[in-house]
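S.K.: Just the structure for this:
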Amino acid sequence: MLTYEDCVGLTDLDEEDIEAIAQHEHVPEIVAAELGCCLAHQPGGELIIDHIIRDDIEAAAQHHHPLEVIHWKEVLQHFEAGHHILEETA
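M.R.: Sure, this is the predicted structure:
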């Protein structure tokens, strides 16, 4: 039987990245792990995760939760440091 930690290990994401997806999509973390895994392994998917974390920062700011803003900014910095994120230029 797979544990949650096993599932996280298959995603190439950190638990905080999955937590960001779960919060953004309003789904349980195990569902977010599956979604995150799909996104992390498809072209452009890491950019989508980056935008999800940025949306979580904005939502926390709009709800006046400064500690949550700090948390999500740290998650974003760690995510971007570990993943090659290229913004699309149009």
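
S.K.: quick one: low-confidence ranges for the chain?
M.R.: For the chain, applying pLDDT under 70 flags the ranges 86-90.

S.K.: in it, which residue is closest to the centre?
M.R.: If you average the C-alpha coordinates of the chain and look for the closest C-alpha using C-alpha atoms, centre = their mean, you land on residue 17, 3.3 Å from that point.

S.K.: residues contacting that residue?
M.R.: Residue 17 makes contact with 11, 36, 49, 53, 75, 79, according to C-beta atoms under 8 Å, 6 or more residues apart in numbering. (C-beta placed from N, C-alpha, C; glycine too.)

S.K.: between the residues you listed, which has the most around it?
M.R.: When neighbours are counted as other C-beta atoms under 10 Å, the busiest of the contacts of residue 17 turns out to be residue 36, with 29 neighbours.

S.K.: Quickly find the element holding it.
M.R.: If you go by DSSP states H and E, residue 36 is part of helix 29-40.

S.K.: Buried residues of that helix, list them for me.
M.R.: Neighbour-count burial for helix 29-40, with 16 or more other C-beta atoms under 10 Å as criterion, is recorded at 29, 32, 33, 34, 35, 36, 37, 39, 40.

S.K.: Can you tell me which helices and strands that helix packs against?
M.R.: Under the contact criterion of 3 or more C-beta pairs under 8 Å, 6 or more residues apart in numbering; DSSP states H and E, helix 29-40 touches helix 4-11, helix 15-25, helix 45-62.
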